[in-house]
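Engineer: okay, predicted coordinates and the sequence, questions at the end:
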Amino acid sequence: MIEATGLTKRYGDKTAVDGLTFTVRPGRVTGFLGPNGAGKSTTMRLVLGLDTPTSGRVTVGGRPYPALSAPLRTVGSLLDAKGVHGGRSAYDHLAGLAAGNRIPRRRVEEVLESVGLPPDTARKRVKGFSLGMGQRLGIAAALLGDPEVLILDEPVNGLDTEGIRWIRELMRSLAAEGRTVFLSSHLMSEMELTADHLIVIGKGRLMADTTMRAFIESHSGAHTLVRSPQPEELRALLEAAGARVHVTPRGGWRVEGPDAGTIGDLAREHGLALHELTPAHASLEEVYTALAQDEAEYRTEAAR
Ligand SMILES: Nc1ncnc2c1ncn2[C@@H]1O[C@H](COP(=O)(O)OP(=O)(O)OP(=O)(O)O)[C@@H](O)[C@H]1O
C-alpha cells in the first residue's frame, strides 16, 4: 500500500506536486496519468525517498521510505532503465544489488528466469543490450527483493508489441498475487488494458482517483455503433428521434442518445436493415483527452 497525504513538492517557486492525497491499494494495478510535467515522476521519486517533500507525507507499507529497514524487500521500482552501469553484466548488476540488500544469490537466477533473460545473455555486458532487454533487467531488479509494492515509470516506453504485452501480463499477475502495482504510461490504449484503477493528476493536483470503469463511464455518455446498408435513411430517422449521429473513422455511425434496443426497434418499424448494433463506451484516451480539455478551459475561465 502507498499512502500520500497532502504531499507537496516545490522547486523554487515552481510547485511540481500540490497537496496530493491518495492511496494505492494492493491486489490491483493502479495507473498514474497526467500530461507532461503534471508531476508524476516527482511523485514517484517522493514515494521512493529520492526527493523529500516540501510538506505532507507519503508512506510505503506504512512507513516513509527512509524508515524502511529493507527497502528492496518492501518496494521495487523502475524509474530509468538506463540507470545500469553498461560495463557490468546483468548478472553482476543483480548480484551486487542482492548482496547489498541481504537477498540470497539464488534469487538472482530466479528473477532472471522470470523476466526471460537467459543465462548466456545475463552474463553479457549491459552496454550491448537492446531497449527491451534493458527494460527486462530493470524489472528483474525491481522484483529482486520479492517486494509487496512495485512502482514503474513508463515501463513500456519504446518496447515492441511483444514486450508491451509481456509487461501487461506481468503487472496483472503481480497484482493478482496481492501486490500493489503503481505505474505511469502515456500509452492510453495500453493503460486501459492493464490498469484496474486510475489516479489522474494535472499541474501537480489530483483530478481523479477512481476505478477504470467508473472513470470511463462517468466521464463519457454511452453510445452505440451502428451500420446499415441504408445509412442516410437511418440517420434521418435517428436525428428525428433526437439522437446525435457522428461518422466513425471505420465507417458507420456512432449514435448518442437512444440506446441499442431503441435504435433496433426504430429500424425494424421502418423496414431498415442493420448490419451492426454495438453498445459501446468511449475509450480511455477519448475520456482522458476530454477531461484534460475541460480542465484547460476551466483554468482559462478562472484566470479571466
Ligand atoms: N529537480 C527539479 N528542479 C526543478 N523543477 C523540476 C525538477 N523536477 C521536476 N521539476 C518540474 O516539476 C514539474 C513536474 O515534473 P515531473 O517530471 O514530475 O512531471 P511528469 O508528470 O513526470 O512529466 P513527464 O510525463 O513529462 O515525465 C515540471 O514542471 C518540471 O519541470
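Structural biologist: Noted; the coordinates are in hand.
Engineer: you'd agree residue 163 is in a helix?
Structural biologist: Yes: note on residue 163: a helix contains this position according to DSSP: H, G, I helix; E, B strand; the rest coil.
Engineer: how much space separates it from residue 132?
Structural biologist: When distances are taken as CB to CB, to the nearest Å, residue 163 and residue 132 turn out to be 5 Å apart. Just so you know, the C-beta spots here come from the backbone N, C-alpha and C atoms, and that holds for glycine as well.
Engineer: same question, residue 261
Structural biologist: Residue 261 is 47 Å from residue 132, where distance means CB to CB.
Engineer: please identify which of the two sits among more neighbours.
Structural biologist: When neighbours are counted by other CB atoms under 10 Å, residue 132 comes out ahead of the other of residue 261 and residue 132, with 18 against 11.
Engineer: surely the more buried one forms part of a helix?
Structural biologist: Yes: per three-state DSSP, residue 132 lies within a helix segment.
Engineer: list the contacts for it?
Structural biologist: Contacts of residue 132 were listed using CB atoms under 8 Å, 6 or more residues apart in numbering, and they are 159, 160, 163.
Engineer: which of the residues you listed are buried?
Structural biologist: Among the contacts of residue 132, those classed as buried by neighbour count (16 or more other CB atoms under 10 Å) are 159, 163.
Engineer: what is the nearest of the contacts of residue 132 to residue 98?
Structural biologist: Proximity to residue 98 was ranked across these by CB to CB; first place goes to residue 163, at 24.7 Å.
Engineer: okay, the closest one: pLDDT?
Structural biologist: The pLDDT attached to residue 163 in the predicted structure is 88.
Engineer: looks like it contacts residue 156 (just checking).
Structural biologist: Yes: counting by CB atoms under 8 Å, residue 156 is a contact partner of residue 163 at 7.1 Å.
Engineer: now do the nearest residue in space to residue 137 that is not next to it in sequence against the ligand, distance only.
Structural biologist: When the adjacent residues along the chain are set aside, residue 137 lies closest to residue 90, with 4.9 Å between them (CB to CB, 6 or more residues apart in numbering). To the ligand, residue 90 is 26 Å away according to CB to the nearest ligand atom, to the nearest Å.
Engineer: quickly list the domain ranges of the chain.
Structural biologist: Split into domains by automatic domain parsing, the chain comes to 2-217, 222-280.
Engineer: quick one, which of these is packed in tightest?
Structural biologist: When you average the neighbours per residue for each of those (mean count of other CB atoms under 10 Å), domain 2-217 leads with a mean of 18.
Engineer: how far out from the middle of the chain is that domain?
Structural biologist: Using CA atoms, centre = their mean, to the nearest Å, the mean C-alpha position of domain 2-217 is found 11 Å from that of the whole chain.
Engineer: which stretches of this structure have low pLDDT?
Structural biologist: When the per-residue scores of the chain are filtered using pLDDT under 70, the ranges that remain are 81-85, 220, 295-304.
Engineer: on that earlier part again, and the residue nearest to residue 137, what does it touch?
Structural biologist: Under the criterion of CB under 8 Å, 6+ apart, the contact list for residue 90 reads 84, 112, 117, 121, 122, 123, 124, 126, 129, 133, 137, 140.
Engineer: which one among those gets closest to residue 190?
Structural biologist: Nearest to residue 190, judged by CB to CB, of the contacts of residue 90 is residue 133 at 19.8 Å.
Engineer: surely residue 226 is within a strand?
Structural biologist: Yes: secondary structure of residue 226, determined by three-state DSSP: located in a strand.
Engineer: quick check: it touching residue 252?
Structural biologist: Yes: taking contact to mean CB under 8 Å, the distance of 6.1 Å between residue 226 and residue 252 places them in contact.
Engineer: shared neighbours, those two?
Structural biologist: Counting by CB under 8 Å, 6+ apart, the shared contacts of residue 226 and residue 252 are residue 276.
Engineer: follow-up on the earlier one: now render the contacts of residue 90 as TSV, adding distance to residue 46 and secondary structure.
Structural biologist: Formatted as TSV, these follow (distance: CB to CB, whole Å; DSSP: H, G, I helix; E, B strand; the rest coil):
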residue	distance to residue 46	secondary structure
84	23	coil
112	30	helix
117	30	coil
121	34	helix
122	32	helix
123	36	coil
124	35	coil
126	28	helix
129	29	coil
133	30	helix
137	25	helix
140	25	helix
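Engineer: the stretch 1-150 of the chain: helices as residue ranges?
Structural biologist: For the stretch 1-150 of the chain, the helices identified by DSSP state H, counting those that start in this stretch occupy 40-47, 71-74, 90-100, 106-114, 119-122, 131-143, in order along the chain.
Engineer: could you check the angle the third one makes with helix 131-143?
Structural biologist: Put simply, helix 90-100 runs at 20 degrees to helix 131-143, going by axes from the mean of the first three to the mean of the last three CA atoms, to 10 degrees.
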